[in-house]
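> No sequence on hand, only this structure:
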Ligand SMILES: Nc1ncnc2c1ncn2[C@@H]1O[C@H](COP(=O)(O)OP(=O)(O)OP(=O)(O)O)[C@@H](O)[C@H]1O
């Protein structure tokens, strides 16, 4: 979401020759121009000026522009302009915006709300509604049913669910615009089935002629094969990115730190953050991406005792209320460290993030681009660091399109003995159950990477065991549920410790409460597919059902698999997953 004042410096846009919004007076309703002015948006960013220069504001379009360059306003303006200049029946959805995550849906809705906040009495009110998983379904649906939701911002899982209601479908009969934000994500194998399901429930494009708009910072060639579901064949293609440029923002210096072993991640992260905070002239606002929800929770807990900065934590294992509150608080904070999974990897606009750290492999090259894009937004500066183990260092070599250089102070960071001692000390205070979960999730997460890491299963277990014993300071190898080990395809691999079948482990306590909530958990997982969390569907990202797809899913599925007697046991096929490229 944009902050109350414009974040692009007028001088930098002016210096770049950006046209002013005043220059499109005839094209945009004066009410919209008034809103832009109140939002402090005097000049257009390149993507905004290109979209407003389309042959028609109602043209179907595919738009690619770098992260943090104002795509949200670029797609909202044509959609709201149409709303202001056409008549619509009360209670109908005119603009539908689909977003891969709940947090992003809320952010888009908030930006839309600011654009339609017209002076009182000027025009019929334009209501902005949201529909996303984890929110109180009944009350949101009631509000939607009885309201006049001209703009609806939704995640696919919850919208699909709404559309099952017979009285909800007709509310889309007059739909004018369908927007896919993060379009490549919305049309990838993970989301496409839901998007197609939704499209079948909506009025057919050919008959009703709604406008389709697809926006993203990354548009892999594969996406173009499925665009016809949403766009006319003569759609307008817009890109503000030169094919020869790196896909990340040119102003973000990008570095890598290669650590000898997985267990070195904790002290390296601590030493890096301490060094960066010390050398930063302004306040430090940092996002650190971890590979699984439980590893993110462990990082956050570790840092809570070690760094005099406010610690934030965001992943799909937290309730939606906590997620929303954390998002808002981090947005408002002038400093702090956010530990997160890919739940906030795309689209999220936290002002003034000075540093993005990726602790471990991103899912693919596009994920790297989007994560780095959480910094240096709206013309600001920022830095990015990726920390990989020796075995994972291939990622930098095969992704030469990114200007990643070795971190200049790598040696100091790796040799920081005080950080080693501080981590070892702090780890002793951390709940062993949290470490056990992080260990188990790590195994599941890394399992599909065995080949790339040139490891066999015993080597993988050994690596995870060292992480637990030497990195997390566990007294012994943490036990893992037999079924989960089976599902990971690690049955019989030496080095694993099986948890006892009976007894009162927290896994079993968790299992019974999860079992009681199977449906809501499933819904939660489905709506978190930005992070690959989908319990049942085979996708290019996620591998076969029961395999451990990616970051958050590793945790989510490990929890889920524990509650399904009869599904585990046998040696699973080696999970397939898209290897980071
Ligand atoms: N014309 C403008 N003038 C000033 N600030 C702007 C302008 N347009 C957008 N912004 C601000 O720039 C920031 C980034 O915009 P936005 O979140 O839309 O970027 P994005 O391109 O969608 O990024 P991502 O690819 O990460 O989703 C926001 O805070 C937004 O309010």
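Happy to help now that I have it. Keep in mind that what you see is a predicted model, and the values were worked out from it rather than measured. Residues are numbered from 1 along each chain as shown.

> Quick check: the gap between residue 369 and residue 269.
Using Cβ to Cβ, to the nearest Å, residue 369 is found at 22 Å from residue 269. Every residue, glycine included, has its C-beta placed from N, CA and C.

> between these two, which one's more packed in?
In this view residue 369 and residue 269 are compared by other Cβ atoms under 10 Å, and residue 269 has more residues nearby, 26 against 23.

> which SS class is the more buried one?
Three-state call for residue 269 (DSSP: H, G, I helix; E, B strand; the rest coil): helix.

> my read: it touches residue 299, true?
Yes - using Cβ atoms under 8 Å, residue 269 is in contact with residue 299, at 7.0 Å.

> Common neighbours of those two, please.
Listed as contacting both residue 269 and residue 299 by Cβ atoms under 8 Å, 6 or more residues apart in numbering are 288, 359.

> Excluding chain neighbours, give the residue nearest to residue 98 in space.
Counting by Cβ to Cβ, 6 or more residues apart in numbering, residue 180 is the residue found nearest to residue 98 once chain neighbours are left out, at 5.3 Å.

> For the one you found, give me its contacts.
98, 186, 187, 195, 212, 213, 214, 215, 230.

> Read off the pLDDT value for the fourth one.
At residue 195 the predicted local confidence, pLDDT, stands at 97.

> Which residues does the host helix or strand of residue 258 contact?
Residue 258 is located in strand 254-259, with elements delineated by DSSP states H and E. Defining contact as Cβ under 8 Å, 6+ apart, one finds that strand 254-259 is touched by 248, 265, 268, 272, 372, 383-390, 393, 396, 402-408, 410, 413-414.

> With stretch 213-231 instead?
Here stretch 213-231 makes contact (Cβ under 8 Å, 6+ apart) with 60-67, 71, 74-75, 78-79, 177-188, 192, 195-196, 199, 205, 212, 235, 239, 247, 366, 369-370, 373.

> now it: mean pLDDT?
For stretch 213-231, the mean per-residue pLDDT is 95.

> So that it lines up with my notes, have the first residue be 165 from now on.
Sure, I'll start numbering at 165, so the last one becomes stretch 377-395.

> Who are the contact partners of residue 578?
Contacts of residue 578 by Cβ under 8 Å, 6+ apart are 421, 423, 424, 428, 432, 435.

> Next one: the third one relative to the ligand, how far apart?
Counting by Cβ to the nearest ligand atom, to the nearest Å, the gap from residue 424 to the ligand is 33 Å.

> residue contacts, the residue lying closest to that residue once chain neighbours are set aside?
Distance criterion Cβ to Cβ, 6+ apart; nearest residue to residue 424, sequence neighbours excluded, is residue 554 at 5.9 Å. Taking Cβ under 8 Å, 6+ apart as the criterion, residue 554 is in contact with 422, 423, 424, 425.

> And for residue 440?
Neighbour list for residue 440: 448, 450, 519, 547, 549 [criterion: Cβ under 8 Å, 6+ apart].

> For the nearest residue to residue 278 once chain neighbours are set aside, what are phi and psi?
Distances taken as Cβ to Cβ, 6+ apart place residue 203 nearest to residue 278, at 5.8 Å, with adjacent residues excluded. Dihedral pair for residue 203: phi -80, psi 0, per degrees, to the nearest 10.

> I'd say residue 203 and residue 279 touch.
Yes - if you go by Cβ under 8 Å, residue 203 and residue 279 touch, sitting 7.5 Å apart.

> can you give me the strands in the stretch 515-664 of the chain?
For the stretch 515-664 of the chain, the strands defined by DSSP state E, counting those that start in this stretch occupy 519-523, 547-553, 568-570.

> is the first one up against the ligand anywhere?
The reference is to strand 519-523. No - on the criterion Cβ under 6 Å from any ligand atom, strand 519-523 is out of touch with the ligand, staying 11.6 Å away.

> And the average pLDDT for that strand is what?
98.

> what packs against it?
Secondary-structure packing of strand 519-523 (3 or more Cβ pairs under 8 Å, 6 or more residues apart in numbering; DSSP states H and E): helix 429-443, strand 449-453, helix 529-536, strand 547-553.

> Adding mean pLDDT and distance to the ligand as columns, could you present those in a markdown table?
Below are the helices and strands packed on strand 519-523 laid out as a markdown table (pLDDT from 0 to 100; distance: least, Cβ to the nearest ligand atom, whole Å):
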| stretch | mean pLDDT | distance to the ligand |
| --- | --- | --- |
| helix 429-443 | 97 | 22 |
| strand 449-453 | 98 | 12 |
| helix 529-536 | 96 | 7 |
| strand 547-553 | 98 | 14 |
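
> for the ones you listed, which one sits closest to residue 297?
helix 529-536 (20.8 Å; Cβ to Cβ).

> Where does the prediction get shaky in the chain?
Low-confidence segments of the chain (pLDDT under 70): 165-173, 665-745.

> Which residue ranges make up each domain of it?
As assigned by automatic domain parsing, the chain contains the domains 167-403, 412-591, 605-733.

> Now the terminal residues of the second one, how far apart.
With Cα to Cα, to the nearest Å applied, domain 412-591 spans 35 Å between its terminal residues.

> now that domain, how far from the chain's geometric center?
In terms of Cα atoms, centre = their mean, to the nearest Å, the gap separating the centre of domain 412-591 from the centre of its chain is 14 Å.

> Next: the first one.
Domain 167-403 has its average C-alpha position 18 Å from the chain's average C-alpha position, going by Cα atoms, centre = their mean.

> Show residues contacting stretch 203-217.
By Cβ under 8 Å, 6+ apart, stretch 203-217 touches 166, 168-170, 172, 174, 177-178, 180, 182-186, 188, 191-192, 200, 225, 227, 229, 233-235, 237-239, 241-242, 278-279, 402, 404.

> mind checking the backbone torsions on residue 511?
Dihedral pair for residue 511: phi 80, psi -30, per degrees, to the nearest 10.
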